[in-house]
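*Asks:* fold the following and give me the result.
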Amino acid sequence: MMANSFKTAILLGLLTGLILVVGSLLGGQQGMLIALVFAGIMNFVSYWFSDKIVLAMYRAKEIQESEAPDLHSIVGRLAARASIPKPKIYIMPAEAPNAFATGRNPAHAAVAVTGGLLNLLTEEELEGVIAHEMAHVRNRDILIGSIAATIAGAIMFLANMARWAALFGGYGGRNREEGGNAFALLFMAILAPIAAVLIQMAIARSREYQADASGANFAGNPQGLARALEKLGKYSGRIPMEANPATSHMFIVKPLSAGSLLNLFSTHPPIEERIRRLLSRSF
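*Replies:* Okay, here's the model as predicted:
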C-alpha cells in the first residue's frame, strides 16, 4: 500500500513537471503559470475521477443484480474471500474478451468486463478472471492504474500540442528567434509518448504476476484463470479491441491490435509465462 502511495505521488509529480515544461516552452513565464493551474486541475481530476473517465471511455454500463445475478454472485463471493467490499459491476459493449478493475480504493472500486468475455468463458474461467481483478482491488493497484491511464492520456495530448507548436516555431518562448524553442518542443513531442509507455510498463508488468497469484488463491485453484488466459490470448488477436493506448495496462490482457506501434513496448508479461507460473503453484 505504501509503495503504491509513493508511486501515485511520483506520477502526479511527473505529470505536473511535464505540464510545466510544455507551458514554459509554449508561452514562457506566463505559459508556465497557466500550466501550473492546469496541472493542479489535472492532479485533482486524476485522483478523484480517473475511474469514471476510464469507464465512460469504454461506454461501460453499471449492471444491477437483477440483470446479471450469476455475475453478481461470483463477484460477491470473491469479494468476501478477499475481505473487501463488493465492487460495482460494469459491462462494456465490446466483442473482444477482456476486463479491468478501477477505483481509488477498495471502498470505491468497480470491475468492468466486456460482453465478449461473458460469452466466451465458462463459469470457472470467469471466476478466475474476476478473482484476478479482485486481487488488483485488494492489492490497491487500481488507483495507480487509473491515475496512470489519465496521465498517459495527458502526456499524449501534450505531445500533440508540442508537435504542432514545433511546426510553427513555438508560441513565444525566450528562444523563439534562435529556434531553440521549436527544437525543444519537437523533442518533447517525440519523448513524451515513449515516457507514457514506459510509465505503464513499470506499473503493469510486475503487478500482473502478483494479481494472478492472489487471484488464484481467492478462486481456490489456478486452473480457471490459466484456461481463461489461454483463451484470451488466442481471441484477443482474432478480435482486436478498439482501446485507447493510454489505458492498455489496466486490462487483464493487452487489448491493442497487432498493428499498434505501442506494441513495441508491452505493458503485460507474456501470457505463456503467466500460465506457467500459475500452474506451477501448489494449493
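*Asks:* worst-scoring helix or strand of the chain, pLDDT-wise?
*Replies:* For the chain, the helix or strand with the lowest mean confidence is helix 142-167, at a mean of 69 (criterion: mean pLDDT, DSSP states H and E).
*Asks:* just so I have it, where are all the helices in the protein?
*Replies:* Secondary structure of the chain by DSSP state H: the helices cover 2-57, 69-82, 115-120, 123-138, 142-167, 180-219, 223-238, 271-279.
*Asks:* for the third one, what is the average pLDDT?
*Replies:* In this model, helix 115-120 has an average pLDDT of 96.
*Asks:* who are the packing partners of that helix?
*Replies:* Judged by 3 or more C-beta pairs under 8 Å, 6 or more residues apart in numbering; DSSP states H and E, the packing partners of helix 115-120 are strand 88-92, helix 123-138, helix 223-238. (Each C-beta comes from the backbone N, C-alpha and C, glycine too.)
*Asks:* which one of the ones you listed is the most hemmed in?
*Replies:* helix 123-138 (a mean of 25; mean count of other C-beta atoms under 10 Å).
*Asks:* gap between it and the chain center?
*Replies:* Centre-to-centre, helix 123-138 and its host chain are 17 Å apart (C-alpha atoms, centre = their mean, to the nearest Å).
*Asks:* could you give the mean pLDDT of it?
*Replies:* What helix 123-138 shows for mean pLDDT is 96.
*Asks:* let's see it as CSV, backbone CA atoms only.
*Replies:* These are the backbone C-alpha positions of helix 123-138, laid out as CSV (Å, rounded to 0.1, in the frame of the first residue of the first chain):
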residue,chain,number,x,y,z
GLU,A,123,-18.2,-20.1,-15.1
GLU,A,124,-14.9,-21.3,-13.6
GLU,A,125,-12.8,-19.4,-16.1
LEU,A,126,-14.9,-16.2,-15.5
GLU,A,127,-14.4,-16.7,-11.7
GLY,A,128,-10.6,-16.8,-12.4
VAL,A,129,-10.7,-13.5,-14.3
ILE,A,130,-12.9,-11.8,-11.7
ALA,A,131,-10.6,-13.1,-8.9
HIS,A,132,-7.6,-11.6,-10.8
GLU,A,133,-9.4,-8.2,-10.8
MET,A,134,-10.3,-8.6,-7.2
ALA,A,135,-6.6,-9.1,-6.4
HIS,A,136,-5.9,-5.7,-8.1
VAL,A,137,-8.6,-4.2,-5.8
ARG,A,138,-7.2,-5.9,-2.7
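*Asks:* what's the angle from that helix to helix 223-238?
*Replies:* Put simply, helix 123-138 runs at 90 degrees to helix 223-238, going by axes from the mean of the first three to the mean of the last three C-alpha atoms, to 10 degrees.
*Asks:* helix 123-138 packs against which elements?
*Replies:* In terms of contacts (3+ C-beta pairs under 8 Å, 6+ apart), helix 123-138 is packed against helix 69-82, strand 99-103, strand 109-114, helix 115-120, helix 180-219, helix 223-238.
*Asks:* surely residue 111 and residue 101 touch.
*Replies:* Yes: contact criterion C-beta atoms under 8 Å: residue 111 and residue 101 qualify, at 5.1 Å.
*Asks:* anything in contact with each of these two?
*Replies:* 87, 133, 134, 137 (C-beta atoms under 8 Å, 6 or more residues apart in numbering).
*Asks:* identify the residues contacting the third one.
*Replies:* It refers to residue 134. Taking C-beta under 8 Å, 6+ apart, we find residue 134 in contact with 75, 78, 79, 81, 82, 84, 87, 101, 111, 215, 218.
*Asks:* in this model residue 131 seems to touch the first one, though I could be wrong.
*Replies:* No: using C-beta under 8 Å as the test, residue 75 is too far from residue 131 to be in contact (9.8 Å).
*Asks:* with only the CA atoms kept, save stretch 27-34 in PDB.
*Replies:* Provided in PDB are the C-alpha atoms of stretch 27-34 (Å, rounded to 0.1, in the frame of the first residue of the first chain):
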ATOM      1  CA  GLY A  27       4.500  30.700 -23.500                       C
ATOM      2  CA  GLY A  28       7.400  31.400 -21.300                       C
ATOM      3  CA  GLN A  29       6.700  32.500 -17.700                       C
ATOM      4  CA  GLN A  30       3.100  33.300 -18.400                       C
ATOM      5  CA  GLY A  31       2.700  29.900 -20.100                       C
ATOM      6  CA  MET A  32       4.200  28.200 -17.000                       C
ATOM      7  CA  LEU A  33       1.700  30.000 -14.700                       C
ATOM      8  CA  ILE A  34      -1.200  28.800 -16.800                       C
END
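*Asks:* fine by me, we can end here.
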